[in-house]
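> Give me a model of this one.
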Amino acid sequence: MVEFVEAIVRFEDHRLYVRDYPGSEPAIILMHGFPDNLHLYDRLVPELASRRVVAFDFLGWGKSDKPAGYPYTASNQTADLDAVIEHLQLVSVVLVAHDASGPPAIDWALDHPDRVSALVLLNTYYCRMPWRLRPPEAIWLFSTPIVRWITAPVSMWFGGLVFRRMYEWQVGRFFRDAKVRARFVPQLYEQFAVSPSAHEAFFGLNRDLPSTLRSRTAEIPRLRRFSRPVRIVFGAADPYLNRRVAERFHELLPTSELFLLPGARHYVQMDEPQEVARLIRALPGQDLAGPEDVTAPASDRRPDQEA
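Numbers count the residues shown, from 1 in each chain. Model (predicted):
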């Protein structure tokens, strides 16, 4: 196990749980989506040895506080990220966003480009992408108006057993490897089995999802002006945040490189931790890039080729 220092960041009377792995700067900040927590990076962190890595649980998830009645939104997650960066006094950062952490990571990067060494997007989203973005089945049920009014209460029947079965089925589809799935699905679900649980954050972020996509669509002109290094690394076998989403990001971000990892699903950092780490370490301007040559970006190869 890689050694780390635990930190508690106090923000608006709440506590954010942080793991700080010592190493060389700039720090790599790993951000999870929902319904996940920092354990989503347990297979990636060892592959980034010698680099300073910061992983944390957003408010409402993992070991962070889960306040009742709190407005769980993407914008408030941006504030969580900012609180962690300021508490650790990080001057320059590599932001690694997966799934629902795309909006807070990209928002922070757009507002602080001078402090972003690089931005890495792993099977994530930001704005509306018609005919490309496909929400996972469970997320559709909990984020769609009217439908969610029925789904949310029904899911809590039988002591939450319905919700657990839905969770295990949906999250299980995000993994490629059966052994990794068997290990991590129960671990990720633990945050829903305690009190207070992550249920309120899950329902809140689902309610917020349509407005997040709508409001960030207005930020597309800023995406087109973003000039820091961007690396888009997507599992090519993810049917939800799929290769069409990755290609759209590549169109919108002028300095981006696109890498599609064949066979990897939604949890690309779980399916291909060594390759994802290699691509992060080999980013332009990183002091400790690995010795390997980086495979040519997807944009530089024939359409039928992948990384």
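> which SS class is the residue nearest the centre of the chain?
Residue closest to the average C-alpha location in the chain (Cα atoms, centre = their mean): His98, at 2.0 Å. Secondary structure, DSSP: H, G, I helix; E, B strand; the rest coil: His98 is strand.
> Quick check: it touching Thr124?
Yes. Counting by Cβ atoms under 8 Å, His98 touches Thr124, with 5.7 Å between them. Glycine gets a C-beta too; all of them are placed from N, C-alpha and C.
> what sits in contact with each of those two?
Counting by Cβ atoms under 8 Å, 6 or more residues apart in numbering, the residues touching both His98 and Thr124 are Gly33.
> thinking again about what came up before, now the residue nearest to the centre of the chain. Nearest residue, chain neighbours left out?
Leu122 (4.2 Å; Cβ to Cβ, 6 or more residues apart in numbering).
> mind checking how far that neighbour is from Ser143?
21 Å (Cβ to Cβ, to the nearest Å).
> And the two? Which one has more around it.
Leu122 (33 against 21; other Cβ atoms under 10 Å).
> OK, contacts around that one?
Contacts of Leu122 (Cβ under 8 Å, 6+ apart): 96-99, 233-234, 268-269, 276.
> host element of the residue nearest to Gly235 when sequence neighbours are not counted?
The shortest distance from Gly235 to any non-neighbouring residue, by Cβ to Cβ, 6+ apart, is to Ala264 (3.2 Å). Following DSSP states H and E, there is no helix or strand that holds Ala264.
> swap in Arg43?
Arg43 belongs to no helix or strand, assigned by DSSP H and E.
> buried stuff in stretch 64-78?
By 16 or more other Cβ atoms under 10 Å, the buried positions in stretch 64-78 come out as 64-67, 70, 72-74, 76-78.
> Repeat that for stretch 91-108.
Buried residues in stretch 91-108 (16+ other Cβ under 10 Å): 93-108.
> Just the closest of the residues you listed to Phe11, please.
Pro104 (13.4 Å; Cβ to Cβ).
> SS state for that closest one?
Taking three-state DSSP, the label given to Pro104 is helix.
> and it, how far is that from Thr151?
Taking Cβ to Cβ, one finds Pro104 at 25 Å from Thr151.
> which ones among the buried residues of stretch 64-78 are found in strands?
Among these, no member is found in strands (DSSP state E).
> Any chance of a markdown table for those residues, columns distance to Leu38 and pLDDT?
Formatted as a markdown table, these follow (distance: Cβ to Cβ, whole Å; pLDDT from 0 to 100):
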| residue | distance to Leu38 | pLDDT |
| --- | --- | --- |
| Ser64 | 9 | 98 |
| Asp65 | 14 | 97 |
| Lys66 | 15 | 97 |
| Pro67 | 19 | 95 |
| Tyr70 | 19 | 96 |
| Tyr72 | 17 | 97 |
| Thr73 | 20 | 97 |
| Ala74 | 18 | 97 |
| Asn76 | 18 | 97 |
| Gln77 | 14 | 98 |
| Thr78 | 17 | 98 |
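> how about TSV for those, with distance to Arg164 added?
Listed next are the buried residues of stretch 64-78 as TSV, based on distance: Cβ to Cβ, whole Å:
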residue	distance to Arg164
Ser64	21
Asp65	23
Lys66	17
Pro67	23
Tyr70	23
Tyr72	20
Thr73	25
Ala74	26
Asn76	26
Gln77	25
Thr78	30
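> ok, these vs Asp238, which is closest?
Out of the buried residues of stretch 64-78, the member with the shortest distance to Asp238 (by Cβ to Cβ) is Ala74, at 20.2 Å.
> I'd assumed Ile106 was in contact with the closest one.
No. At 9.8 Å, Ala74 does not count as touching Ile106 under the criterion of Cβ under 8 Å.
> Could you tell me which residues touch both of those two?
By Cβ under 8 Å, 6+ apart, no residue touches both Ala74 and Ile106.
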